[in-house]
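Asker: Got a sequence here, can you model it:
(2 chains)
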Amino acid sequence: MNKKNTEETFIQKAKETLDKEAGKLDEKVLLRLKHSRYMALERGKGGIFNFLQKLQLPMAGLATVMVLFFFAFFFKGEQQLSNIEDVEILATSDSPELFINLDFYAWLAEENDDAG
Amino acid sequence: MYNRRAMETFLASVEKRAFKMAQIATGSTDDALDIVQDAMLGLVKQYGSKPVTQLKPLFFRILTTRIKDWHRRKSVRNRWRLWLFSKKEESLGCDPIEALADPDENNPADRLIISDTRSALESALKTLPFRQQQAFMLRAWEELSVRKTAFAMKCSEGTVKTHYSRAVHGLRKLLESHRS
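Answerer: As a prediction, this is how the structure comes out:
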């Protein structure tokens, strides 16, 4: 029992001594520790770059995804344009036949202009 | 979910002790700072979303691994240095290691300062084998349970008990002889 108490006292004193030692670190060390902490916390903050890093998404994969997105938007844009043209055709008072044979009517108008 | 504030509080609460542990284990302030930084980054990267209550053994597990890696690298470096200088010695006929300045050696004035500022306990801790040193620091100073210390040291609970008991006895013996 006495031996156990002595051991506990020794450990307690050792702990106090180590705490004192840790409490009197110089400014440079404290500054470095603070900086390290800040860096670690910044890493944990996240953001798209960290997110990708976490996913281990390779750069080639990322490039492929970007190219696919570009094409998807490009074709979608073209489709939207043709949709607008469709609406114009439907909205006009001219006969749909005019648009079907548009080349012919354009040629005919040119011929009339030359004749006139 | 990553909780920056909780993580900051945790890191601030352990950083000084972690630094002292690394410094005692390596004997170098700069290396100790690098090791602590690595451990912090590792903790946030790998376990940033864990609850704060689980962080302590995880952090000290990373720290212990980094210190072990440092010792491993140092022993490899020393082996290479010894091999290279033994080759030179053969060709020069003298012992260049004797001529090398020991970075750990201090002049009498430095020694006096060190004896004033460093505790006898710290010096005694440095003489212990690494595993005993770690077991003592984690059990006595960090007050980790045997189970958590075993997790941090990547060994069995029985091994922790053995190392800890040897460390306590070794330290008491060293400090008693220091007093007398």
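Asker: residues from chain A in reach of chain B?
Answerer: A:7, A:10-11, A:14-15, A:17-23, A:25, A:29-30, A:32-33, A:36-37, A:39-41, A:43-46 (Cβ under 8 Å from any Cβ of the partner chain). (Each C-beta comes from the backbone N, C-alpha and C, glycine too.)
Asker: Buried only: go through the residues you listed for me.
Answerer: With burial judged by 16 or more other Cβ atoms under 10 Å in any protein chain shown, the buried subset of the residues of chain A next to chain B is A:11, A:14, A:18, A:21-22, A:25, A:29, A:32-33, A:36-37, A:40-41, A:43-44.
Asker: pLDDT score assigned to residue B:67?
Answerer: Looking at residue B:67, its pLDDT is 95.
Asker: and it, how many neighbours?
Answerer: 23 (other Cβ atoms under 10 Å in any protein chain shown).
Asker: Please name the residues that touch it.
Answerer: B:21, B:22, B:25, B:26, B:35, B:130, B:134 (Cβ atoms under 8 Å, 6 or more residues apart in numbering or on different chains).
Asker: quick one, what contacts the last one?
Answerer: Residues near residue B:134 by Cβ under 8 Å, 6+ apart: B:21, B:25, B:64, B:67, B:152, B:153, B:163.
Asker: ok, 6 Å please
Answerer: B:64, B:153 (Cβ atoms under 6 Å, 6 or more residues apart in numbering or on different chains).
Asker: picking up where we left off before, in ChimeraX, select just the buried ones from the contacts of residue B:67.
Answerer: Buried members of the contacts of residue B:67, defined by 16+ other Cβ under 10 Å, are picked up in ChimeraX with:
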select /B:21,22,25,26,35,134
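Asker: from the contacts of residue B:67, which single one is nearest chain A?
Answerer: residue B:21 (9.1 Å; Cβ to the nearest Cβ).
Asker: Tell me if I'm right that the closest one and residue B:136 touch.
Answerer: No: if you go by Cβ atoms under 6 Å, residue B:21 and residue B:136 don't touch, sitting 10.2 Å apart.
Asker: Which strand or helix spans residue B:37?
Answerer: Residue B:37 is part of helix B:29-47 when elements are defined by DSSP states H and E.
Asker: Helices of chain A, start to end?
Answerer: For chain A, the helices defined by DSSP state H occupy A:2-23, A:27-45, A:48-55, A:59-91, A:96-100, A:102-115.
Asker: Would you mind finding the most buried of the ones you listed?
Answerer: Ranked by mean neighbour count under mean count of other Cβ atoms under 10 Å in any protein chain shown, these are led by helix A:27-45, which reaches a mean of 16.
Asker: Can you name every helix or strand that that one contacts?
Answerer: Judged by 3 or more Cβ pairs under 6 Å, 6 or more residues apart in numbering or on different chains; DSSP states H and E, helix A:27-45 is in contact with helix B:4-26, helix B:29-47.
Asker: Redo the ones you listed as CSV? Include distance to chain A and mean pLDDT.
Answerer: Converted to CSV, these look like this (distance: least, Cβ to the nearest Cβ, whole Å; pLDDT from 0 to 100):
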stretch, distance to chain A, mean pLDDT
helix B:4-26, 4, 93
helix B:29-47, 4, 94
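Asker: center of chain B, which residue is that?
Answerer: Note on chain B: the residue nearest the mean C-alpha position is residue B:25, at 2.5 Å, using Cα atoms, centre = their mean.
Asker: how much space is there between the closest residue to it other than its chain neighbours and chain A?
Answerer: Of all residues not flanking residue B:25 in the chain, residue B:67 sits nearest, at 4.8 Å (Cβ to Cβ, 6 or more residues apart in numbering or on different chains). Here residue B:67 is placed at a distance of 16 Å from chain A (Cβ to the nearest Cβ, to the nearest Å).
Asker: Helix or strand for residue B:67, just tell me which one.
Answerer: Residue B:67 is located in helix B:55-92, with elements delineated by DSSP H and E.
Asker: Now do the buried residues in that helix.
Answerer: B:55-68, B:70, B:85.
Asker: Which parts of chain B belong to which domain?
Answerer: If you go by automatic domain parsing, the domain ranges for chain B are B:1-93, B:119-180.
Asker: Kindly report the same for chain A.
Answerer: Following automatic domain parsing, one finds the domains of chain A at A:1-57, A:75-116.
Asker: mean pLDDT for the ones you listed: which is lowest?
Answerer: When mean pLDDT is averaged over each of the domains of chain A, domain A:75-116 scores lowest at a mean of 71.
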